[in-house]
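Participant: sequence? don't have it. structure:
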């Protein structure tokens, strides 16, 4: 058996295990995680920007721009990858996977919700290095990744790649902001 077959089987088996055993709590929690991802991704930089403007804190204003820019970059990369890869969603391909939310067909890889959640978690964690920001941010991001698999719209590899894109966009955004700040100091 090839390495690709083993990886694909693991992807399917994990997706199946997460998707099974439906409960009302899991349905509600997954729905909450999926429905709030975009709102949190917009609300976080807008809140930081608002506080920065009200308090005339330039550092917070720059943080808001960095976080928003990272989210935009993450979204562009994710959407481009979805349209290039065009992977079938698990519920489309396997009759043992239950679809629990609406999703566009053939746009499984990578997970946009997971990309957004990990971009936000990483952006906030890189700027505000406090456990009470980092822990909840990554717990939420991990919950979003789980929710997308539980809802039958993503494989584990989709959410893994989405998480990498999101975290990578946040890291790249921070490095770009640091370069810009360095040039302005000279």
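Facilitator: Now that the structure is in, tell me what you want to look at. All figures in this text were calculated on a predicted structure; none of them were measured in a lab.
Participant: skipping adjacent residues, who's closest to residue 134 in space?
Facilitator: residue 125 (4.5 Å; CB to CB, 6 or more residues apart in numbering). C-beta coordinates here come from the backbone N, C-alpha and C atoms, glycine included.
Participant: quick check: next helix or strand after the helix or strand hosting that neighbour?
Facilitator: Using DSSP states H and E, residue 125 sits in helix 112-127. Where DSSP H and E defines the elements, the next helix or strand beyond helix 112-127 is helix 131-150.
Participant: for the helix or strand that that next one is followed by, what is the distance to the chain centroid?
Facilitator: Heading C-terminal from helix 131-150, the first helix or strand you meet, by DSSP H and E, is helix 156-185. The chain centroid and the centroid of helix 156-185 are separated by 13 Å under CA atoms, centre = their mean, to the nearest Å.
Participant: equivalent analysis for stretch 44-62, please.
Facilitator: The answer for stretch 44-62 is 23 Å, by CA atoms, centre = their mean.
Participant: my guess is the residue nearest to residue 134 contacts residue 138. True?
Facilitator: Yes. At 7.2 Å, residue 125 and residue 138 qualify as touching, with contact defined as CB atoms under 8 Å.
Participant: next up, the contacts around the residue nearest to residue 143 when sequence neighbours are not counted.
Facilitator: Distance criterion CB to CB, 6+ apart; nearest residue to residue 143, sequence neighbours excluded, is residue 33 at 4.9 Å. Counting by CB atoms under 8 Å, 6 or more residues apart in numbering, residue 33 makes contact with 113, 140, 143, 144, 146, 147.
Participant: need the three-state assignment for residue 33.
Facilitator: Three-state assignment for residue 33 (DSSP: H, G, I helix; E, B strand; the rest coil): helix.
Participant: buried ones in the lowest-mean-pLDDT helix or strand in the chain?
Facilitator: Across the helices and strands of the chain, mean pLDDT, DSSP states H and E gives its lowest value to helix 3-19, namely a mean of 86. The neighbour-count check on helix 3-19 (16 or more other CB atoms under 10 Å) flags 11, 12, 15, 16, 18, 19 as buried.
Participant: for residue 149, which non-adjacent residue is closest in space?
Facilitator: Residue 149's closest residue in space is residue 18 (CB to CB, 6+ apart), at 4.4 Å.
Participant: now residue 51
Facilitator: residue 60 (5.7 Å).
Participant: for that neighbour, give me its contacts.
Facilitator: By CB under 8 Å, 6+ apart, the neighbours of residue 60 are 48, 49, 51, 52.
Participant: of all those residues, which comes closest to residue 167?
Facilitator: Nearest to residue 167 out of those is residue 48 (CB to CB; 18.9 Å).
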